[in-house]
Structure formats: C-alpha cells, structure tokens
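Peer 1: Quick one, structure for this:
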Amino acid sequence: MKRILTAGKVILGAGLIIIFLNSCKKETKQEDPKEVAEDSNEAKFDSIDNKKDDSEYLVDIAEVNLAEIEIGKLAQTKSTNPEVKKFGKMLVDDHTKSASEVSALAKAKNFTLPTSITEDGKEEYNKLNEKSGLDFDKKFADMMIDGHEKAIDKLKKASEDAKDQDVKLWASNNIAALTAHLEHAKMLKQNLDKK
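Peer 2: Next up is the predicted model:
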C-alpha cells in the first residue's frame, strides 16, 4: 500500500513538473490582427459564404490602410526630401479617412477588422526604417508603387465580386483615389531615380 502511495506521489509530482515546464515554455506571442479579424468573421459567417468573402475585402483594405498610415508617418519624420514628406502626409490623411469609412461600413455589416498593423505590415515598415537618405526615399517610392498596385487589384476585385452592394459601391468609389496615389508614387520614383 505504501508503494502505491509513493508511486502515486511520484507520478503526480512528475505531472505537475511537466505542466509547469510547458507553461514556462509558452511564449506570449501576440496573434496577427488580420488573422484575428478573419477568424472572427469566419466564425460569424461560416454558413454565409458571400458575407465571409465580403468581410475579407474589408479586412484586406483595413490592413492596407493601417500599413499606409504608419509608413506615411515614417516618411514624414525620416525623409529629408520635401516631396516624400508631402506624399507621406497625403497617405496619412487619405488612408485615415479611408480607414474611418471602412470601419463604419464594417460596423454596419457586423464585420470585424484588424485594429493594428499586421505582421506583414510591421515587416515592411521595419525594412523601410532600416534605410536612410536617398535609399530611404527610393525604397519608400518602390513600396508605394507595389502596395498601391496590390490595393487597387483588391478594390477592383471587391467592386466586381462583392455580394453586398454597399461593399461593392465603396470599393468602386475608392479605386480612383488609390490610382491617384499610384501615379503620384510613380512620378516620385522617376524624380528620385534622376538623383
């Protein structure tokens, strides 16, 4: 009987040690805000495919807005080129307005959006932040061209494929603004390439 009790205590003790070690091993890694929003929308609209798809369009645009705002702020503080600073301010202003509109639309549709810059956005931000001077300005212009081309593609897809008419209309109405940003970024790149 004594052996059984001793063996039981040993097993219980070993189990507690394993639990303790596992809990110490777990790092508190914050989930990506975009994934959190997508998971939330998927859970809400799992049986309604078109709502899930429409929510993804807004999640994507919210992700773009958050990244552009942060990168625009960085351009205003880090660049010494007045045109880059001006473009950065325009990004912050326009994408803040867009973020507000997307947030209101998402709220009306009961969609969840990311509330902070995503892991991909942070990575791009950090790559840009490592640069300085003309290298910074050129990297910024390249990022703006690439980012706006992708964002325009997402808006075009939403304007054609969204089932919700409000989402479709919002996407359609905002293609022109992003196209203007893209053209501005291309001109900026041409000017910087001459230096």
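Peer 1: in the protein, which ranges drop under the pLDDT threshold?
Peer 2: Where the chain drops to pLDDT under 70, the residues are 1-30, 33-34, 36-52.
Peer 1: one more time with 50, if that's ok
Peer 2: Using pLDDT under 50 as the threshold, the predicted model of the chain has low-confidence ranges 4-28, 47-48.
Peer 1: Helices of that one, start to end?
Peer 2: Using DSSP state H, the helices found in the chain span residues 2-25, 33-44, 49-78, 82-109, 119-129, 133-161, 165-193.
Peer 1: how about the ones you listed in a markdown table, adding mean neighbour count?
Peer 2: In this view, the C-beta of every residue, glycine as well, is placed from N, C-alpha and C. Listed next are these as a markdown table, based on neighbours: other Cβ atoms under 10 Å:
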| stretch | mean neighbour count |
| --- | --- |
| helix 2-25 | 9 |
| helix 33-44 | 17 |
| helix 49-78 | 21 |
| helix 82-109 | 17 |
| helix 119-129 | 15 |
| helix 133-161 | 18 |
| helix 165-193 | 16 |
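Peer 1: Contact partners for Ala108?
Peer 2: Residues near Ala108 by Cβ atoms under 8 Å, 6 or more residues apart in numbering: Asp166.
Peer 1: so how far is Asp164 from it?
Peer 2: Taken as Cβ to Cβ, to the nearest Å, the spacing of Ala108 relative to Asp164 amounts to 10 Å.
Peer 1: do the same with Lys85
Peer 2: Distance, Lys85 to Asp164, using Cβ to Cβ: 38 Å.
Peer 1: cool, Ser132 as well?
Peer 2: 44 Å.
Peer 1: One more: Asp153?
Peer 2: In terms of Cβ to Cβ, Asp153 sits 19 Å off from Asp164.
Peer 1: Please save the CA atoms from stretch 98-106 in PDB.
Peer 2: What follows is stretch 98-106 as a C-alpha-only set of coordinates in PDB (Å, rounded to 0.1, in the frame of the first residue of the first chain):
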ATOM      1  CA  SER A  98     -10.500  55.600 -45.800                       C
ATOM      2  CA  ALA A  99      -9.900  53.700 -42.500                       C
ATOM      3  CA  SER A 100     -12.800  55.600 -40.900                       C
ATOM      4  CA  GLU A 101     -15.100  54.800 -43.800                       C
ATOM      5  CA  VAL A 102     -14.200  51.100 -43.800                       C
ATOM      6  CA  SER A 103     -14.600  50.900 -40.100                       C
ATOM      7  CA  ALA A 104     -18.100  52.400 -40.300                       C
ATOM      8  CA  LEU A 105     -19.100  50.100 -43.200                       C
ATOM      9  CA  ALA A 106     -17.700  47.100 -41.300                       C
END
